[in-house]
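**Q** Provided below are the primary sequence and the corresponding predicted coordinates.
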Amino acid sequence: MLADDPSASIGAIATEAGVDRRTVYRRFASREALLAAIYASRLDAVEAAIEAARLREAPIAVALHRYVEGIIEVNRTWPVELTRMRAEETIHERRNQLIQEVEVFLERATDEGLLRADLPKGWAGILLPQLLHLASQQLPDSSAAQAADLVVDTLLHGVGRPA
């Protein structure tokens, strides 16, 4: 509900959840506390996807596909408004650690030759989240695995015709 309407009231959220507004307030002292809990839950899911992908030890192509598929699932399950999430100070450190984990993985992918080394530093780390967001939003009828196939192929081969 908050993904569709970030300004949704606690009352509207409670009604949608089938509970009384007081029930929500017993668990969350404020709207901000509710949002922080949602963001923390999303980060839990991102951490689980990163762990399942085995970014440090799995073969690069396998880890990349697992990561992309997992994050597409997270994006679909926790469709939060990311600009607001990034502004939440209670999750900055945790979010930065996850970003760093993916950056290290992308550097390994570059070092091992899966990604081009002649691109500006960090370019893959800028492009990948954008592709993940687009796939999560624009391919609702595709499974996460199918969407991941497209994202990985686009990341590795672009959209131009093969030479």
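**A** Right, received. Where do you want to start?
**Q** Going by C-alpha atoms from here, please, whenever you check contacts or count neighbours.
**A** Will do.
**Q** Tell me which residues of the longest helix along the chain come out buried.
**A** Across the chain, the helix with the greatest residue count (assigned by DSSP state H) is helix 31-53. Neighbour-count burial for helix 31-53 flags 34-36, 38-40, 42-43, 45-47, 49-50, 53 (criterion: 16 or more other C-alpha atoms under 10 Å).
**Q** what about the closest residue to Leu34 other than its chain neighbours, neighbour count?
**A** Nearest-residue entry for Leu34: Phe28, 5.5 Å, with adjacent residues in sequence omitted and distances by C-alpha to C-alpha, 6 or more residues apart in numbering. Residues near Phe28, counting by other C-alpha atoms under 10 Å, number 16.
**Q** thinking Phe28 is in contact with Ile38, fair?
**A** No. Counting by C-alpha atoms under 8 Å, Phe28 does not reach Ile38; the two are 10.9 Å apart.
**Q** secondary structure element for Leu98?
**A** Per DSSP states H and E: Leu98 is located in helix 92-111.
**Q** got any ranges where this protein has weak pLDDT?
**A** For the chain, residues meeting the criterion pLDDT under 70 lie at 82-85, 163.
**Q** Mind jotting down where the strands sit in it?
**A** Per DSSP state E, the chain carries no strands over any range.
**Q** need the helices for it, in chain order.
**A** Ranges of helices in the chain, per DSSP H, are 10-17, 21-27, 31-53, 60-77, 82-87, 92-111, 123-138, 144-157.
**Q** for these, which one sits closest to Ala3?
**A** Nearest of the helices of the chain to Ala3, taken as C-alpha to C-alpha: helix 82-87 at 9.4 Å.
**Q** Now do the longest helix of the chain against helix 60-77, angle only.
**A** Orientation check (axes from the mean of the first three to the mean of the last three C-alpha atoms, to 10 degrees): helix 31-53 against helix 60-77 gives 150 degrees.
**Q** and helix 31-53, what does it pack onto?
**A** Applying 3 or more C-alpha pairs under 8 Å, 6 or more residues apart in numbering; DSSP states H and E, one finds that helix 31-53 contacts helix 60-77, helix 92-111.
**Q** Which stretch among these is buried most, on average?
**A** helix 60-77 (a mean of 21; mean count of other C-alpha atoms under 10 Å).
**Q** need the helices of the chain in TSV with distance to Ala3, can you?
**A** Below are the helices of the chain laid out as TSV (distance: least, C-alpha to C-alpha, whole Å):
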stretch	distance to Ala3
helix 10-17	12
helix 21-27	18
helix 31-53	11
helix 60-77	10
helix 82-87	9
helix 92-111	19
helix 123-138	12
helix 144-157	19
